[in-house]
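Pasted the sequence and its predicted model underneath.
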Amino acid sequence: YKYTLPLTGYKTYEDYFADKYADHGETRRTLGKKIRRFEQEPLSIVKNNLADLELLFEFTNKMFGDNSSFICRPFHKEIYRSHVNLPNFQTELLTFYHGDKVIAVSLAFLYQGSYAYVNTGIDPDSELKGFSTYANIKNIQNAIDCGATTLDCFTGAYGWKDKWYFTASPQNVFVYPENYAYIPE
């Protein structure tokens with residue numbers, strides 16, 4: 001499935017909570033409590049320090065080891081590096097600090113109203129557990145602030161996208177039969 005979140009009508013991530021969690025009060029309170037806990041920490045966000053892209057790779061590799069997309073997929077780092085310089089794409093690299101220490105980096109691109117939330121790398125040595133929730137919320141808010149109409153989180157639920165009530169659209173692959181031959185008229 002491809003996961004998206006329509007953002008039309010949302011001015012803040014709280015609007016998203018109110019809409020998507022209207023019938024899920026306990027979950028909404030739990031998420032709100034997590035966000036408030038992080039907001040009591042000395043956290044700050046720096047936007048678009050492109051040198052921090054290397055930290056995203058480092059954190060992801062530390063988190064997932066040999067299963068990291070930056071290890072098991074050829075040229076994955078090079079593709080990310082080239083994308084931050086593409087014309088017509090607005091790079092949204094968020095670097096999250098806890099005090100003076102970088103603890104996470106997320107990458108997204110804004111293109112024609114779609115906020116493509118590509119990846120987040122979180123330092124697994126960080127003392128802040130469950131930080132992905134905060135990073136995701138800050139990306140939702142950033143998408144809204146950028147004027148995006150849709151948050152695109154690509155395919156795969158990865159244990160959170162479906163639980164956050166994103167729209168799941170099935171993806172299909174059409175495979176030609178082995179003996180198929182196209183003969184134009």
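In hand now; what should we look at? Numbers count the residues shown, from 1 in each chain.

Every contact and neighbour count from this point should use C-alpha atoms.
Noted.

Quick one: residues contacting the residue nearest the centre of the chain.
Centroid-nearest residue in the chain, with Cα atoms, centre = their mean: Tyr117, separated by 3.7 Å. Counting by Cα atoms under 8 Å, 6 or more residues apart in numbering, Tyr117 touches 107-109, 139, 151-154.

Now render these as a markdown table, adding pLDDT.
Putting the contacts of Tyr117 into a markdown table (pLDDT from 0 to 100) gives the following:
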| residue | pLDDT |
| --- | --- |
| Leu107 | 97 |
| Ala108 | 97 |
| Phe109 | 97 |
| Asn139 | 97 |
| Leu151 | 97 |
| Asp152 | 96 |
| Cys153 | 94 |
| Phe154 | 89 |
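
And these, which is closest to Trp160?
Checking these against Trp160 with Cα to Cα, the nearest one is Cys153 at 10.7 Å.

roughly how far apart are that closest one and Ala116?
6 Å (Cα to Cα, to the nearest Å).

try Phe17
The gap separating Phe17 from Ala116 is 20 Å, by Cα to Cα.

how about the nearest residue to Thr4, chain neighbours excluded?
Of all residues beyond its chain neighbours, the one nearest Thr4 is Asp152 (4.6 Å), with distances taken as Cα to Cα, 6 or more residues apart in numbering.

Am I right that that neighbour is in a helix?
No - judged by DSSP: H, G, I helix; E, B strand; the rest coil, Asp152 forms no part of a helix; its state is strand.

That one - how many residues pack around it?
When neighbours are counted by other Cα atoms under 10 Å, Asp152 registers 23.

Enumerate every residue touching it.
Taking Cα under 8 Å, 6+ apart as the test, what Asp152 contacts is 3-5, 114-117.

before we move on, what SS does Leu56 have?
Counting by three-state DSSP, the backbone at Leu56 sits in helix.

Contacts only, for it.
104-106, 120-122.

partners of the strand ranked longest in the chain, with directions?
Ranked by residue count, the top strand of the chain under DSSP state E comes out as strand 101-111. Taking DSSP bridges as the criterion, strand 101-111 sits next to strand 90-98 (antiparallel), strand 114-122 (antiparallel) in its sheet.

Which among these is found nearest to Thr12?
Closest to Thr12 of the strands paired with strand 101-111 is strand 114-122 (Cα to Cα; 15.0 Å).

Make sure Thr155 is actually in contact with Ala116.
No - contact status for Thr155 versus Ala116: not in contact, 11.4 Å apart, counting by Cα atoms under 8 Å.
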